[in-house]
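Peer 1: Dropping a prediction and its sequence here:
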Amino acid sequence: MNIKTKPISSVILPTYTPAMLTGTQGYAIPGTPNEAFIYCDASNGSFSMELPNASLYPNIKRTIIKTDTSANTVTVVASLAHPIISPTNNIILTSQYDTATAVSNNGAWNCFYQENRFNKAIDLSSNDNYHYPTTAAVNAAINAATGRGLPFTTVSNDFQIVNGVLSVYKYPAITNFTNTIGTAEIGSVVSSFTLTWGLSKTMVSQSLSGIGSVSLTANQTSLTLNSLSINTNTLYTLSVNDGTTTATANTTIKFNPKYYYGASSNTALANADILALSNSNFCTSYTLLGAVYNCTGGMYPYYCYPANLGLPTNVRVGGLSFSDWTYNVVSVTNLSGYSQNYYVLRFNGIQTSSALTVDWQ
């Protein structure tokens, strides 16, 4: 059989050759060498194998592979003193080429289990696509097809054989997904915005939910929408597919109220006075740390925000606890025409500092 291959930059040949061992009933997994592949034939019955003492053999790697086609199982176990901590249960290999990889770390074992994704010897010259979950599965596939093992390690995910060429399979990913609005003021209406996103590889198809029927090309990375009337929080979900695997990402347009803070010589503030305070931003809670007030000439520090967020319980000035403040409730209509009750918090005494730092929390 001819095996067609090409160089793979992310496939790294090991600096030493891992041991190729055979596991059977009663076999004790050895602690040396540093890395070993253990091929297990359970044709004559199910059996278990115990990992060695993880404290005595730190940072070693054991890859256990079930090689037979029977329904018998191979169970990988560890002692209570040196347990398998990830996952917490014993690993049971049930199908041919099921694989468990165990790495000793801090006196315990981290294990990674993958079910076999093929159930026959693979013809590497076929036009089918196969994805192999582990290095050991690739080794087993090549061995089944050629009669020879080819151990190597990889820093990537799966492998694929496309048109007879073995290569690293890169899972599709949406590297970023944003909208040009982000957060808008509650009461406002969004009439247009642009979605932009990044793709990790060439895709076969894309779709977008949250905006009705929209057609996307396979590798489109932006979309501008016009003639809209959005005034509530809206979630958009992008789905991409490379022909094998689907990846998704979300972005949301949010509508939030604002807080307002600043200094004023007035003992009370009306709607227009609140909107005219020197600082404002979107808020989802009353917590505001590091608010700096310029009270030069004698001013009252004010902090105004939606009343449904509650009242502060730990106000600090210059890092020290402060309780000499009061509040009242004012109906505020924002610049977008939305009205709601606001707490208007004010110091009881006039302040004169040009840089008074207050934590409202």
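Peer 2: Received, thanks. Residues are numbered from 1 along each chain as shown.
Peer 1: in the stretch 251-361 of the chain, which spans are strands?
Peer 2: Applying DSSP state E, counting those that start in this stretch to the stretch 251-361 of the chain gives strands spanning 258-264, 279-282, 288-293, 300-306, 316-317, 320-321, 325-333, 339-347, 356-360.
Peer 1: how about CSV for those, with distance to Ser239 and mean neighbour count added?
Peer 2: In this view, the C-beta of every residue, glycine as well, is placed from N, C-alpha and C. Listed next are the strands of the stretch 251-361 of the chain as CSV, based on distance: least, CB to CB, whole Å; neighbours: other CB atoms under 10 Å:
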stretch, distance to Ser239, mean neighbour count
strand 258-264, 34, 23
strand 279-282, 29, 15
strand 288-293, 38, 15
strand 300-306, 35, 24
strand 316-317, 47, 17
strand 320-321, 51, 8
strand 325-333, 40, 14
strand 339-347, 37, 19
strand 356-360, 42, 19
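Peer 1: So which of these is nearest Tyr27?
Peer 2: Nearest of the strands of the stretch 251-361 of the chain to Tyr27, taken as CB to CB: strand 288-293 at 61.1 Å.
Peer 1: Tell me what angle the closest one forms with strand 356-360.
Peer 2: When axes from the mean of the first three to the mean of the last three CA atoms, to 10 degrees is applied, the directions of strand 288-293 and strand 356-360 differ by 150 degrees.
Peer 1: How far does strand 288-293 sit from its chain's centre?
Peer 2: 33 Å (CA atoms, centre = their mean, to the nearest Å).
Peer 1: related to what we said a few turns ago, looking at the strands of the stretch 251-361 of the chain, which is nearest to Ser213?
Peer 2: Once those are compared by CB to CB, strand 279-282 is nearest, at 31.3 Å.
Peer 1: okay, which residue of the protein is out on the far edge from center?
Peer 2: Among residues of the chain, the one most distant from the C-alpha centroid is Gly297; the distance is 51.2 Å, by CA atoms, centre = their mean.
Peer 1: my read: that one touches Ser353, true?
Peer 2: No - the criterion here is CB atoms under 8 Å, and Gly297 misses it with Ser353 at 11.0 Å.
Peer 1: phi, psi of the residue nearest the centre of the chain?
Peer 2: Nearest to the geometric centre of the chain sits Ala249, at 10.3 Å (CA atoms, centre = their mean). Per-residue torsions, Ala249: phi -150, psi 150 (degrees, to the nearest 10).
Peer 1: hmm, back to that, redo the strands of the stretch 251-361 of the chain as JSON lines? Include mean pLDDT and distance to Asp41.
Peer 2: Shown next, in JSON lines, are the strands of the stretch 251-361 of the chain (pLDDT from 0 to 100; distance: least, CB to CB, whole Å):
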{"stretch": "strand 258-264", "mean pLDDT": "98", "distance to Asp41": "69"}
{"stretch": "strand 279-282", "mean pLDDT": "97", "distance to Asp41": "64"}
{"stretch": "strand 288-293", "mean pLDDT": "97", "distance to Asp41": "64"}
{"stretch": "strand 300-306", "mean pLDDT": "98", "distance to Asp41": "69"}
{"stretch": "strand 316-317", "mean pLDDT": "98", "distance to Asp41": "70"}
{"stretch": "strand 320-321", "mean pLDDT": "96", "distance to Asp41": "72"}
{"stretch": "strand 325-333", "mean pLDDT": "98", "distance to Asp41": "77"}
{"stretch": "strand 339-347", "mean pLDDT": "98", "distance to Asp41": "72"}
{"stretch": "strand 356-360", "mean pLDDT": "98", "distance to Asp41": "68"}
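Peer 1: got those as CSV, with distance to Pro30 columns?
Peer 2: Formatted as CSV, these follow (distance: least, CB to CB, whole Å):
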stretch, distance to Pro30
strand 258-264, 65
strand 279-282, 61
strand 288-293, 57
strand 300-306, 66
strand 316-317, 62
strand 320-321, 64
strand 325-333, 71
strand 339-347, 70
strand 356-360, 60
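Peer 1: quick one, which of the ones you listed is nearest to Ala36?
Peer 2: Comparing the strands of the stretch 251-361 of the chain by CB to CB, strand 288-293 comes nearest, at 54.8 Å.
Peer 1: show me what contacts Leu345?
Peer 2: Applying CB atoms under 8 Å, 6 or more residues apart in numbering to Leu345 gives the contacts Tyr302, Tyr303, Cys304, Pro312, Trp325, Thr326, Tyr327, Trp360.
Peer 1: Find the nearest non-adjacent residue to the fourth one, please.
Peer 2: What that stands for is Pro312. Trp360 (4.9 Å; CB to CB, 6 or more residues apart in numbering).
Peer 1: Identify the bridge partners of the one you found.
Peer 2: Leu288 (DSSP bridges).
Peer 1: ok, now which ones touch it?
Peer 2: Going by CB under 8 Å, 6+ apart, Trp360 touches Tyr286, Thr287, Leu288, Leu289, Ala291, Tyr303, Pro312, Val315, Leu345.
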